[in-house]
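Q: Just to be clear, the model below is a prediction. Sequence and coordinates:
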Amino acid sequence: MGRFLGDELPLRTKLAVLGALCLIAVIFLPVIYLSGDNEFDRPNRLLGDVIAVLTGIGLGGYSNAVRYFSLRHPLLPTHAAQVLSSTNAAVICVFVMLATQRPFVIHQPTRVTWLTALMGFIVNAAYLSFNLAPRFINAAEFGIVCLLESILGPL
């Protein structure tokens, strides 16, 4: 038990995943139980939470797929899947933006230039690591590393 793709998860990884699931429950349970309260009464909040969970499931599936194919077909170019998924995500975002009919507004061009350059570097570095990391570590460890964003983000 506990074997997937030939990986045996150590106890510390299982405990970290269990802790992460408990923390996710801490985020979602107040929204479910206090949905009639004024603070939590936002029309699209639950939909946003569901989309966030589906995004996490998709990232986990992606890391498992990269690990599976990199173990069985080491010369397979996994970056092609990354290009296709990024293109699909961009198309979906355009449809969502058009459906909400909110204008795309650029506030201050100097800030946007720096933000675009910085995000271009950060997003590319993140996707490069998302593509390389599952070849060397299992999906559970990869998921825990992805949770560092929640801890280091506010800093």
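A: Okay, I see it. Residues are numbered from 1 along each chain as shown.

Q: I51 and A125: what is the separation?
A: 24 Å (C-beta to C-beta, to the nearest Å). From N, CA and C alone the C-beta is placed, and that goes for glycine too.

Q: Give the next helix or strand downstream of the host helix or strand of M119.
A: M119 belongs to helix 109-136 when assigned by DSSP states H and E. Using DSSP H and E, the helix or strand that directly follows helix 109-136 along the chain is helix 139-146.

Q: Which residues does that following helix contact?
A: Helix 139-146 is touched from outside by 4-5, 7, 9, 13-14, 16-17, 20, 59-60, 63-64, 67, 133-134, 137, with contacts defined as C-beta atoms under 8 Å, 6 or more residues apart in numbering.

Q: mind listing what's buried in it?
A: 139-144, 146 (16 or more other C-beta atoms under 10 Å).

Q: do the same with stretch 81-101
A: Here stretch 81-101 shows Q82 as buried, counting by 16+ other C-beta under 10 Å.

Q: Kindly report the same for stretch 17-26.
A: 17, 20.

Q: do you know how far H73 is from A65?
A: H73 is 12 Å from A65, by C-beta to C-beta.

Q: what about these two, which has more around it?
A: Higher neighbour count among H73 and A65: A65, with 14 against 10, using other C-beta atoms under 10 Å.

Q: what's the helix or strand for the more buried one?
A: Per DSSP H and E: helix 45-72 holds A65.

Q: What pLDDT does the model give S70?
A: Predicted confidence (pLDDT) for S70: 79.

Q: That one and R135 touch, don't they?
A: Yes. With contact defined as C-beta atoms under 8 Å, S70 reaches R135; the gap is 4.3 Å.

Q: Tell me which of the two has more neighbours.
A: Each of S70 and R135 has its neighbours counted (other C-beta under 10 Å); S70 has more, 17 against 14.

Q: OK, contacts around the more buried one?
A: S70 sits in contact with 76, 78, 134-135, where contact means C-beta under 8 Å, 6+ apart.

Q: can I get these in a markdown table with pLDDT and distance to P30?
A: What follows is those, written out as a markdown table (pLDDT from 0 to 100; distance: C-beta to C-beta, whole Å):
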| residue | pLDDT | distance to P30 |
| --- | --- | --- |
| L76 | 77 | 43 |
| T78 | 73 | 38 |
| P134 | 75 | 33 |
| R135 | 75 | 38 |
